[in-house]
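[1] sequence and computational prediction follow.
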Amino acid sequence: MKEHSFFLLAGFPSKNFNYIKQAEWFMQEFEEFLKTVVDMADGIVGHWVLQSQEIVTDFTLGAEKQTSFLTGIPIDSNITEKEKKLKCGENNGCDRGQMQSVRMLNRRALRLVNGLIEFKEKILREVRNCQLFTFNYPLLIEHILREAKMYRSIISELENRGCVSNHNMLQTEQFWNQIMMEHAMFIRGLLDPDEKELICTADDFALDYCGLLEEAKRRDCQAMHDLTGDSRRLTEQYQEFKTAGTKGILECKIQGLILPLLADHVLREANHYLRLLDEDCKEWNS
């Protein structure tokens, strides 16, 4: 959510001062929130989460610094330094004080994300009505709005149930396959027209994920195991593509309009999805 706010901020022309200030406010609020969460997570976060590189990759710190240099927008990379040093731990329960602190975090998250959702909806509505210009695609705004609503649903479930259920993995898989498909569409549209080979590869990934989404509509839950394997294999290949792309953008070997932090952002989301698919495969096998 912090980086979504950053991408919105970076996409507004100077004319839209009020939108710039709002996006900046959300970025700073989520930055402070993330700082608190990282401090609390040290020694508690799961081993597989850290190993997945969904929190921070080998490129994140460099991507933040280069993106801040290119845009002039400050990013607190001390948070990323702390994320790199996070230690895992076993969940052996927590005392009443910790439970209260987490509950306060969840409520703070809900307040922030509800405000950000309203802001994104307003931007999307005005862009579609030709009342506002931004360098972000309307579909990208819709994309990050969908992710914010997913985040809100997870926090709400944590608040109401104390855990996140895994009974709806089919919907989760379809959600992330659509996210991956749209990443490919954005990458394709933000590459320089001379990057013909990369454009073709991005198009192929978009078509492959589109095929998985169409196939999912034709299957019931009992027939989803093979499709999960297909999603896993495709996302592994896609993660390799995103890794090479992020490295190429940071080394200035790939031309286009993709900010280094955006490249790293979509790579981390692929890493997150791979971990979810691994957990799902374990459920199937058990």
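    Yep, it's here.

[2] helices of the stretch 51-200 of the chain, start to end?
    60-71, 77-84, 96-128, 138-161, 169-190, 196-218 (DSSP state H, counting those that start in this stretch).

[3] for residue 45, find the nearest of the ones you listed.
    helix 77-84 (9.6 Å; C-beta to C-beta). Yep, even glycine has a C-beta here, placed from its N, CA and C like the rest.

[4] buried residues in the closest one?
    For helix 77-84, a neighbour-count test (16 or more other C-beta atoms under 10 Å) marks 77, 79-80, 82-83 as buried.

[5] of the residues you listed, closest to residue 217?
    So of the buried residues of helix 77-84, ranked by how close each gets to residue 217 (C-beta to C-beta), first place is residue 83, at 37.5 Å.

[6] residue 148 is in contact with residue 113, isn't it?
    Yes: the criterion here is C-beta atoms under 8 Å, and residue 148 meets it with residue 113 at 5.7 Å.

[7] and for those two, which residues touch both?
    Counting by C-beta atoms under 8 Å, 6 or more residues apart in numbering, the contacts common to residue 148 and residue 113 are residue 1.

[8] let's have the helices of the stretch 51-200 of the chain in a markdown table, adding mean pLDDT and distance to residue 51.
    What follows is those, written out as a markdown table (pLDDT from 0 to 100; distance: least, C-beta to C-beta, whole Å):
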| stretch | mean pLDDT | distance to residue 51 |
| --- | --- | --- |
| helix 60-71 | 98 | 15 |
| helix 77-84 | 97 | 13 |
| helix 96-128 | 94 | 23 |
| helix 138-161 | 93 | 21 |
| helix 169-190 | 94 | 19 |
| helix 196-218 | 95 | 24 |
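
[9] which of the ones you listed sits closest to residue 250?
    helix 60-71 (5.6 Å).

[10] tell me what angle the closest one forms with helix 77-84.
    160 degrees (axes from the mean of the first three to the mean of the last three C-alpha atoms, to 10 degrees).

[11] hey, C-alpha coordinates of helix 60-71 in CSV?
    These are the backbone C-alpha positions of helix 60-71, laid out as CSV (Å, rounded to 0.1, in the frame of the first residue of the first chain):
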residue,chain,number,x,y,z
THR,A,60,14.7,-3.8,-3.3
LEU,A,61,17.2,-1.5,-1.7
GLY,A,62,18.9,-0.5,-4.9
ALA,A,63,15.5,-0.1,-6.6
GLU,A,64,14.3,2.3,-3.9
LYS,A,65,17.5,4.4,-4.0
GLN,A,66,17.4,4.6,-7.8
THR,A,67,13.7,5.4,-7.9
SER,A,68,14.1,8.1,-5.3
PHE,A,69,16.9,9.6,-7.3
LEU,A,70,14.9,9.6,-10.6
THR,A,71,11.7,11.0,-9.1
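
[12] mind listing what's buried in it?
    60-68.

[13] so what does it touch, helix or strand wise?
    Applying 3 or more C-beta pairs under 8 Å, 6 or more residues apart in numbering; DSSP states H and E, one finds that helix 60-71 contacts helix 77-84, helix 225-250, helix 260-285.
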